[in-house]
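> sequence first, predicted coordinates after that:
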Amino acid sequence: MSQKIIVTGGAGYIGSHTCVALIESGFDVVVFDNLSNSQIDSLDGVARITGTRPEFINVDCTDITALRSAFATHRDAVGVIHFAAFKAVGESVSNPLLYYRNNLGGLINVLDLMREFDVPNIVFSSSATVYGVPEKLPVTEQTPLQPATSPYGATKVMGENIIRDTVRAYPQISATLLRYFNPIGAHPSAEIGELPNGIPNNLMPYITQTAAGIREYLNVFGDDYDTPDGFCVRDYIDINDLARAHVAALRHMLSGATGVGVFNLGTGQGTSVMELIDAFRDATGVDLPYRIAPRRAGDVPAIWANCDLASRVLNWRAVVPLNETLASAWRWQKHVSGIK
Ligand code: UD1
């Protein structure tokens, strides 16, 4: 019988791609999601890709009573991948309590119920934001963490600590903290992808919406950073590679790893905003209209990952070339916008 995994936030962008990776690896997937920033249709996409529609429970992780019923039905699960959280940096500054309540309240409930129902493994969505403005690049998992620059970032730092303390107190629970760099792209089939609400905050959906004519031009935030070409540098990782890392993390714990593992998930390559615009044109033939705009408050000039630990311990590495990732992002946008 296949092993069951609970995926909170499984209808979202990273969640839906991870459902595909789990199903393709033979896991039985149950999605807990309140659809607050996701579409149930994404699970139809998962079904079209894999031939299996994950079971879905509409539940808010901050509602302990409802979440307990959902866990009670799936007490045979061998692990939880906890994606369900808010992720808009700006919104977290204007509405911090919303972020603390949702991101931390949800996590605490999940951990409490894992303990109650003896579900032994958790994978947690953390972020490169925990490194703040790093002194040395690339960052390894040993790079010192910096104080969070937004309530969103604070929920990731605190989330990691809540999990560490919980595992220390209840060693029957094992955890993997995955620090994502910048996930982009879509499933190559264009059946699932990122669906931002309103005006995108993040670069990739802003690029594809501009290419589709939904936005007039891209604002490039800052051209005078102390980087090789003056533009901010990030580590853009293909969403399908990122999804596979969750399966690798689970397998590692299921084969006996205990305690708390921490892994960077990136490509190990830094790419500037302008290099990404150029690469998008090369991959898709679309020349983006853009304007140089002032720096965005809180932006880190440059950050990319050293991912040797994940390669050594999880036997995982990013393999999808950037041009394929950009082509998949554009294919998805065309699908969503009905462009031939
Ligand atoms: C941001 C968050 C990060 C969060 C991630 C996912 C900050 C400082 N960090 O990462 O904590 O985990 O989103 O939600 O906000 N850019 C433009 N024009 C745009 C949009 C972005 O030039 O319209 C540039 C930014 O200045 C940055 C790069 O593109 O240099 C990537 O931005 P974005 O996609 O928002 O990701 P991060 O800021 O790296």
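Now that the structure is in, tell me what you want to look at.
> tell me the pLDDT of the residue in the stretch 201-340 of the chain positioned nearest to the ligand.
Residue of the stretch 201-340 of the chain nearest the ligand, by CB to the nearest ligand atom: C232 (2.9 Å). For every residue, glycine as well, the C-beta is placed using N, CA and C. For C232, the pLDDT comes out at 98.
> CA-only coordinates of the helix or strand of the chain with the lowest mean pLDDT in PDB, if you can.
Sorting the helices and strands of the chain by mean pLDDT, DSSP states H and E puts helix 89-94 at the bottom, at a mean of 96. Extracted as PDB, the C-alpha positions of helix 89-94 are listed here (Å, rounded to 0.1, in the frame of the first residue of the first chain):
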ATOM      1  CA  VAL A  89       5.800  40.800   2.000                       C
ATOM      2  CA  GLY A  90       4.100  44.200   1.600                       C
ATOM      3  CA  GLU A  91       0.800  42.900   2.900                       C
ATOM      4  CA  SER A  92       2.500  41.500   5.900                       C
ATOM      5  CA  VAL A  93       3.900  44.900   6.800                       C
ATOM      6  CA  SER A  94       0.500  46.500   6.700                       C
END
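> what sits up against stretch 303-318?
The contact list for stretch 303-318 (CB atoms under 8 Å, 6 or more residues apart in numbering) reads 128, 131, 134, 137-141, 179, 181, 233-235, 237-238, 241-242, 244-245, 248-249, 251-252, 261, 263-270.
> just the endpoints, please. Distance across it?
17 Å (CA to CA, to the nearest Å).
> is the ligand contacted by that stretch?
No. Residues of stretch 303-318 contacting the ligand under CB under 6 Å from any ligand atom: none, with a closest distance of 7.3 Å.
> now do that stretch: distance to the chain's middle.
16 Å (CA atoms, centre = their mean, to the nearest Å).
> if we can go back for a sec, report all helices and strands that the least confident helix or strand of the chain contacts.
helix 96-99, helix 151-169 (3 or more CB pairs under 8 Å, 6 or more residues apart in numbering; DSSP states H and E).
> distance from that helix to the middle of the chain?
18 Å.
> do the same with stretch 331-340
22 Å.
> before we move on, which element is H335 in?
Secondary structure assignment for H335, by DSSP states H and E: helix 322-337.
> which positions within that helix qualify as buried?
322, 325-336 (16 or more other CB atoms under 10 Å).
> check contacts around L137.
G270, A302, I303, W304.
> was I right to think R296 contacts Y225?
No. Checked against CB atoms under 8 Å, the pair R296 and Y225 is beyond contact range at 11.2 Å.
> distance check, R115 against V80.
R115 sits 11 Å away from V80, going by CB to CB, to the nearest Å.
> the more surrounded of those two?
Counted by other CB atoms under 10 Å, R115 and V80 do not tie: V80 has more neighbours, with 27 against 15.
> mind checking the SS state of that one?
strand (DSSP: H, G, I helix; E, B strand; the rest coil).
> what does the pLDDT read for M1?
76.
> the one 4 residues further on too?
Confidence per residue is given as pLDDT, and for I5 that number is 99.
> residues touching it, list them.
So I5 contacts L22, F27, D28, V29, V30, A77, V78, G79, V80, I81, L250 (CB under 8 Å, 6+ apart).
> among the helices and strands packed on helix 89-94, which is nearest the ligand?
Nearest of these (CB to the nearest ligand atom): helix 151-169, 5.6 Å.
> same for that closest one, what does it pack against?
helix 89-94, helix 96-99, helix 105-116, strand 121-127, strand 174-180, strand 260-265.
> in PDB, list the C-alpha atoms belonging to the fifth one.
What follows is strand 174-180, C-alpha atoms only, in PDB (Å, rounded to 0.1, in the frame of the first residue of the first chain):
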ATOM      1  CA  SER A 174      11.300  14.600  12.400                       C
ATOM      2  CA  ALA A 175      11.400  17.800  10.400                       C
ATOM      3  CA  THR A 176      13.000  19.200   7.200                       C
ATOM      4  CA  LEU A 177      13.200  22.900   6.800                       C
ATOM      5  CA  LEU A 178      13.500  23.800   3.100                       C
ATOM      6  CA  ARG A 179      14.700  27.300   2.400                       C
ATOM      7  CA  TYR A 180      13.400  28.200  -1.100                       C
END
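> other SSEs contacting that strand?
strand 121-127, helix 151-169, helix 239-254, strand 260-265.
> redo these as CSV? Include mean pLDDT, distance to G10 and mean neighbour count.
Shown next, in CSV, are these (pLDDT from 0 to 100; distance: least, CB to CB, whole Å; neighbours: other CB atoms under 10 Å):
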stretch, mean pLDDT, distance to G10, mean neighbour count
strand 121-127, 98, 12, 25
helix 151-169, 98, 18, 19
helix 239-254, 98, 11, 23
strand 260-265, 98, 18, 23
